[in-house]
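**Q** below are the sequence and a predicted model for it; my questions follow.
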Amino acid sequence: MAKAKSKDKTIRRRVSKRNTKAVIDKYDLYRQAVQSPETDVDFFKRVYKELRGSSAEIFREDFCGTFLLSTTWVKNRPQHKAVAVDIDPEPLEYGRNHYWQKLPVLTQKRLKIFEGDVLASRLPEADIVAALNFSYFVFKKRSQLRAYFSNVFNSLRKKGLFVLDVFGGTQCTDAIEDKEKRPGFTYFWDQESFDPVTNEALFHIHFQLNGSKKIENVFTYDWRMWSIPELRDLLDEVGFKRTHIYWEGTTRNGQGDGKFSRTEQGEACLSWIAYIVAEK
Ligand SMILES: C[S@@+](CC[C@H](N)C(=O)[O-])C[C@H]1O[C@@H](n2cnc3c(N)ncnc32)[C@H](O)[C@@H]1O
């Protein structure tokens, strides 16, 4: 494991507004805005127990970014081990400095960081592989996504599960900007375009610290929107035995309630999020 550096300058971005300067920690704002690692880890444990009747040990987080999820997995139980994979050294360095360094030494040893392409051969084996926050949407060609799914299949242990999230809904075909207030800042999810011929869409995340100017395009995602049936077909093709859809429940006022249960029937709505769990 590479030794952590004491300082990382790359993740900070300065913006001038008249004479004031806002400095943001983009990965920390991202964490606060979109990540809920404890909920994800509880979901993985529940689903593994439900489908396999036992407990998973090795978790691999593909497209891990700052690998907050892997950190949460190894903290959760002393038997847990994790491997975090990402192609970009910048978020990995952030994760080493901000999350990995704070773990007790013995827990650090149970987390391996792997800088590389998820399409590379011989990825470390695991009981659960997760590709979250829709990161695999980066693969726009069916052959690329198939190669990735096949790689996951081959690197899973015998009773392994592959967990991926997916989103959709009529709103995803519109150019829209959603905005949510969080303590100290506002988070913007901006869909710049959607092309119905290719299903490609361009998204940005912007942040605005309270009392400061909005900082545009802190993260940009150039994706193809994959549908659940397309994904299931591909998973089936590369050898997965079964795939399950976990659909989110709805509150009285029509919002997602954060509780996902297995179903074979979805519900048309403006926007939805679901998990696909594939059994080796
Ligand atoms: C949307 S971020 C997701 C971060 C994290 N999974 C999360 O849930 O917040 C996508 C990540 O995928 C990484 N990535 C993109 N293509 C990749 C590839 N081919 N192999 C490995 N990582 C890749 C990027 O570097 C980026 O950190």
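**A** Great, that's in hand.

**Q** just how off-centre is stretch 158-168 within its chain?
**A** Centre-to-centre, stretch 158-168 and its host chain are 11 Å apart (Cα atoms, centre = their mean, to the nearest Å).

**Q** in that stretch, which residues are buried?
**A** By 16 or more other Cβ atoms under 10 Å, the buried positions in stretch 158-168 come out as 160-166, 168. Every C-beta, even on glycine, is put in place using the N, C-alpha and C of the backbone.

**Q** what's in contact with it?
**A** Outside stretch 158-168, the residues within contact range by Cβ atoms under 8 Å, 6 or more residues apart in numbering are 43-44, 47-48, 51-52, 54, 56, 126-134, 136, 149, 152-153, 156, 225-228, 231, 235, 240, 271-280.

**Q** pLDDT weak spots in the stretch 151-280 of the chain?
**A** The model of the stretch 151-280 of the chain has no residue with pLDDT under 70.

**Q** all helices of it, in order?
**A** Remark: helices assigned in the stretch 151-280 of the chain by DSSP state H, counting those that start in this stretch are 228-237.

**Q** from it, which residue is nearest to the ligand?
**A** Y221 (6.2 Å; Cβ to the nearest ligand atom).

**Q** if we can go back for a sec, which of the contacts of stretch 158-168 count as buried?
**A** Listed as buried from the contacts of stretch 158-168 are 43-44, 47-48, 52, 56, 126-134, 136, 149, 152-153, 156, 225-226, 228, 231, 235, 240, 272-280; burial here means 16+ other Cβ under 10 Å.

**Q** sorry, back to before: from the buried residues of stretch 158-168, which land in strands?
**A** 160-166, 168 (DSSP state E).

**Q** does F149 count as helix, strand or coil?
**A** Of the three states, F149 takes helix under DSSP: H, G, I helix; E, B strand; the rest coil.

**Q** that one against R232, yeah?
**A** No - F149 is beyond contact range of R232, at 10.8 Å (criterion: Cβ atoms under 8 Å).

**Q** pull up the overlap in contacts between those two.
**A** With Cβ under 8 Å, 6+ apart as the test, F149 and R232 reach no residue in common.

**Q** so for the residue in the stretch 51-200 of the chain positioned nearest to the ligand, what's the pLDDT?
**A** Distance from the ligand to each residue of the stretch 51-200 of the chain (Cβ to the nearest ligand atom) is smallest for G65, at 2.9 Å. For G65, the pLDDT comes out at 97.

**Q** just give me the neighbour total for the nearest residue to it once chain neighbours are set aside.
**A** The shortest distance from G65 to any non-neighbouring residue, by Cβ to Cβ, 6 or more residues apart in numbering, is to P91 (4.3 Å). When neighbours are counted by other Cβ atoms under 10 Å, P91 registers 22.

**Q** would you map the strands across the stretch 51-200 of the chain?
**A** 58-62, 81-86, 111-115, 126-131, 156-168, 177-182, 185-195, 200-209 (DSSP state E, counting those that start in this stretch).

**Q** same list (those strands) but as JSON lines, adding distance to R96.
**A** Output for the strands of the stretch 51-200 of the chain, formatted as JSON lines (distance: least, Cβ to Cβ, whole Å):
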{"stretch": "strand 58-62", "distance to R96": "14"}
{"stretch": "strand 81-86", "distance to R96": "10"}
{"stretch": "strand 111-115", "distance to R96": "7"}
{"stretch": "strand 126-131", "distance to R96": "20"}
{"stretch": "strand 156-168", "distance to R96": "24"}
{"stretch": "strand 177-182", "distance to R96": "25"}
{"stretch": "strand 185-195", "distance to R96": "25"}
{"stretch": "strand 200-209", "distance to R96": "23"}
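
**Q** now render those as JSON lines, adding distance to the ligand.
**A** Below are the strands of the stretch 51-200 of the chain laid out as JSON lines (distance: least, Cβ to the nearest ligand atom, whole Å):
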{"stretch": "strand 58-62", "distance to the ligand": "7"}
{"stretch": "strand 81-86", "distance to the ligand": "4"}
{"stretch": "strand 111-115", "distance to the ligand": "9"}
{"stretch": "strand 126-131", "distance to the ligand": "7"}
{"stretch": "strand 156-168", "distance to the ligand": "9"}
{"stretch": "strand 177-182", "distance to the ligand": "16"}
{"stretch": "strand 185-195", "distance to the ligand": "12"}
{"stretch": "strand 200-209", "distance to the ligand": "9"}
